[in-house]
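Undergrad: got a sequence here, can you build the structure:
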Amino acid sequence: MIEDDDLEAAVADGIITSGQLDALQKFVGSRKATAERADDERFRFMRGFNDFFFAVGIVLFGAGIAFFAGASSLMNLLAAIVIWALAEFLVRRMRLVLPGILLVSLFAFFAFRLAQLNWVALAHFTGLPLRFAPGLATQPNPFLDSFEPIAIAAKALAAALAATLFYLRFRLPFGLLVIAGFLVLFVSMLLGPVLFPNTSTYPFILLACGLAVFAVAMYYDLSDRTRSTRLADCAFWLHLLAAPLIVHSLIRILLPGDVASAGPFALTMTTTSAVTIFVIVAFLTAVAVLIDRRALLVSALIYLGVAIGYALTSAIRAGSDNDASVFFATLVILGAMVLILGAGWQPLRRVFLRLFPATVVDRLPPAAYPA
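TA: Now for the predicted structure:
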């Protein structure tokens, strides 16, 4: 029986093309009955302990060269070259996923550190006196406040381009998360401190970024509704990034003066805040069930737990002596909700999909039926 690894090795050796492999996997997946479809979101992470063993070595090796590279552009360039060489062997030849995840992260990290902004050249370009450049400033200059975000944005863009090169070469789905993550950092730095310095705009910028990443993830999902090709893995990692951006931004926008201002564990929870969180979680749960992706729901669990804890505290008038009881009771309720929803995920999807027209349902992953 031909395994997926055999087919990917054939692509690496040039026997078949990656396009032919995707077409073959989609054809085989389309022949499988809906009843045979798995309930879980499958994605390739590691095939065995050998992947983990290599990953440990990469972590140790990467931490060491990152220390010795320091802020030197030349050393970071050499480190990036070494990481690329390792990827040629471990990712392209051996097809190891977990080591590839670490390697693309390290490659983008060294590209981020490599893209040092030349303040002297910038001073000449902008006409700003050299004495105002960082490290050379002799008196305060308000323009410097916007230079640091510009430098971070430039470094983020360089890292995103490096991750793009890595993805084009090795076709590692996780690389899309790295690309999107640094692009989000680039946009948030450029639109935030530089163009819109008012901090109240940050949640809207992050929400827009999260929705953009979510849209790209849905593009991959709609291109492979049976989730039988690598496109499903691409969508999984993008959903993993989009979910916290969307969830946290929604909370900060709808609750600017409650839990959002001091984080999910703020002590300023109110009944209105708790109800709002329950409504947001219910909406995100509906979306997650509809598209058959659990990342949105997982990202909202911490806020849901805070709301449940507040509700329990208000109901039993808990004092300081009962704080531990409330905490663990919250864990029990939250855990039970996750287990029940996980067990009834596909039956709930079957009911939920009946509410939508066939033109929408036919584009989404089919709901699995019991064997």
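Undergrad: show me the shaky parts of the chain.
TA: Filtered on pLDDT under 70, the chain yields the residue ranges 1-5, 29-43, 117-147, 193-199, 256-268, 317-322, 368-371.
Undergrad: so which residue is dead centre in it?
TA: The centre of the chain sits closest to Leu241, judged by CA atoms, centre = their mean, with a distance of 1.9 Å.
Undergrad: contact partners for it?
TA: Contact criterion CB atoms under 8 Å, 6 or more residues apart in numbering gives Leu177, Ala180, Gly181, Val184, Val213 as the residues in contact with Leu241. For glycine as for every other residue, the C-beta is placed from the backbone atoms N, C-alpha and C.
Undergrad: same deal with Leu250?
TA: Contacts for Leu250 were tallied using CB under 8 Å, 6+ apart; they are Leu207, Ile280.
Undergrad: measure it to Leu185 for me?
TA: When CB to CB, to the nearest Å is applied, the distance between Leu250 and Leu185 equals 20 Å.
Undergrad: now Ser273
TA: The separation that Ser273 has from Leu185, given CB to CB, amounts to 29 Å.
Undergrad: these two: which has the busier surroundings?
TA: Neighbours per residue (other CB atoms under 10 Å) separate Ser273 from Leu185, with Ser273 holding more: 22 against 19.
Undergrad: ok so, going back, where's the residue nearest to the centre of the chain, which helix or strand?
TA: Mapping Leu241 onto the secondary structure by DSSP states H and E places it in helix 230-254.
Undergrad: same thing with Val338?
TA: helix 323-343.
Undergrad: who are the packing partners of that helix?
TA: Contact partners of helix 323-343 among helices and strands, from 3 or more CB pairs under 8 Å, 6 or more residues apart in numbering; DSSP states H and E: helix 295-316.
Undergrad: show me how far the helix it packs on is from its chain's centre.
TA: Centroid displacement of helix 295-316 relative to its chain, using CA atoms, centre = their mean, to the nearest Å, is 22 Å.
Undergrad: contacts for that helix, please.
TA: Taking CB under 8 Å, 6+ apart as the rule, helix 295-316 contacts 236, 239-240, 242-244, 246-248, 251, 259, 264-265, 269, 271, 273-274, 277-278, 280-281, 284-285, 287-288, 318, 322, 326-327, 329-331, 333-334, 337-338, 341.
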